[in-house]
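Asker: Need a 3D model of the sequence below.
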Amino acid sequence: MTNRTYHYMIGFVGNGATSFGQIEVTLPYPLTTMDRVREVQQLVRNHSGMYDASILAFSLFGDPSGES
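Answerer: Residues are numbered from 1 along each chain as shown. Below is the predicted model of the structure:
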């Protein structure tokens with residue numbers, strides 16, 4: 001059995017909508033529900049130091065093997 005991972009580019013805003021950023025994340029699950037997006041949003045907040053960071057957009061990178 002193969003452990004699948006999902007690699008995303010996450011765009012976010014914070015600091016009272018005055019700062020923007022992006023981060024690449026690798027997850028063991030796809031972002032298919034708002035609960036999952038909220039989990040990642042908390043990760044972004046912890047990593048960026050922006051207590052009010054909100055995800056603007058995310059994009060799944062394709063699998064280089066062509067299996068995605």
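
Asker: So the residue nearest in space to the middle of the chain, which state does it fall into?
Answerer: By C-alpha atoms, centre = their mean, the chain has its centre lying nearest to Ile10, at 4.2 Å. What DSSP: H, G, I helix; E, B strand; the rest coil gives for Ile10 is strand.

Asker: Could you say which helix or strand holds the closest residue to Met9 other than its chain neighbours?
Answerer: Excluding its sequence neighbours, the residue lying closest to Met9 (C-beta to C-beta, 6 or more residues apart in numbering) is Ser59, at 4.9 Å. (C-beta placed from N, C-alpha, C; glycine too.) Element membership for Ser59, per DSSP states H and E: strand 54-60.

Asker: hmm, back to that, surely the residue nearest to the centre of the chain and Ile55 touch.
Answerer: Yes: the pair Ile10 / Ile55 is scored as a contact, 6.0 Å apart, by C-beta atoms under 8 Å.
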